[in-house]
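Asker: Fold the following and give me the result.
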Amino acid sequence: GKKSLRQRVVDELKHYYNGFHLLWIDTKVAARMVWRLLHGQVLTRRERRRLLRTCADLFRLVPFLVFVIVPFMEFLLPVFLKLFPEMLPSTFETESKKEEKQKKKLSAKLELAKFLQETVAEMAKRNKTDTG
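Answerer: Numbers count the residues shown, from 1 in each chain. Okay, here's the model as predicted:
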């Protein structure tokens with residue numbers, strides 16, 4: 001069914017709270033990783049990727065906070081997200097957006113794989129005719 005205005009506002013506030021909470025946790029973990037780096041320890045590939053993602057999220061947070069702090073500017077947020085889809089920090093993404101991103105990446109990989117298969121098949125045909 002359709003949610004009431006009050007319920008939609010509460011859901012949005014919960015979404016923002018959870019996003020900021022997750023970003024805070026990621027920031028604390030990233031700070032520990034930086035501390036380890038400064039003391040000469042080596043990060044694993046997974047830790048390095050998490051550190052880079054958290055740093056990128058912190059840089060994306062600055063323009064996002066403008067939309068949250070300035071009154072009535074949150075109504076323009078969907079427009080800016082359409083223009084700049086990577087503007088939102090990763091902790092604020094919904095599951096449907098994550099799934100949509102994964103589908104786009106998968107379809108691009110499939111297209112690339114199909115292209116490479118066709119190229120290899122064409123090269124094999126050329127080599128066969130050259131040697132035959």
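Asker: And the residue nearest the centre of the chain, its phi and psi?
Answerer: With the centre of the chain defined as its mean C-alpha position, the nearest residue by Cα atoms, centre = their mean is residue 90, 4.8 Å away. In terms of degrees, to the nearest 10, the main-chain angles of residue 90 are phi -60, psi -30.
Asker: before we move on, what about residue 88?
Answerer: Main-chain dihedrals, residue 88, degrees, to the nearest 10: phi -80, psi 130.
Asker: Count the neighbours of it for me.
Answerer: Using other Cβ atoms under 10 Å, residue 88 is surrounded by 21 other residues. In this view, the C-beta of every residue, glycine as well, is placed from N, C-alpha and C.
Asker: Go ahead and confirm it touches residue 78.
Answerer: No. Counting by Cβ atoms under 8 Å, residue 88 stays clear of residue 78, with 10.7 Å between them.
Asker: What distance do you get for the residue nearest to the centre of the chain to residue 114?
Answerer: 29 Å (Cβ to Cβ, to the nearest Å).
Asker: What residues of the helix or strand bottoming out on mean pLDDT in the chain count as buried?
Answerer: Of all helical and strand segments in the chain, the minimum by mean pLDDT, DSSP states H and E falls on helix 77-83, at a mean of 82. Neighbour counts using 16 or more other Cβ atoms under 10 Å place residue 80 of helix 77-83 among the buried residues.
Asker: what about residue 71, helix or strand, and which?
Answerer: Assigned by DSSP states H and E, residue 71 falls within no helix or strand.
Asker: Now it. Its backbone dihedrals?
Answerer: According to degrees, to the nearest 10, residue 71 has phi -60, psi 140.
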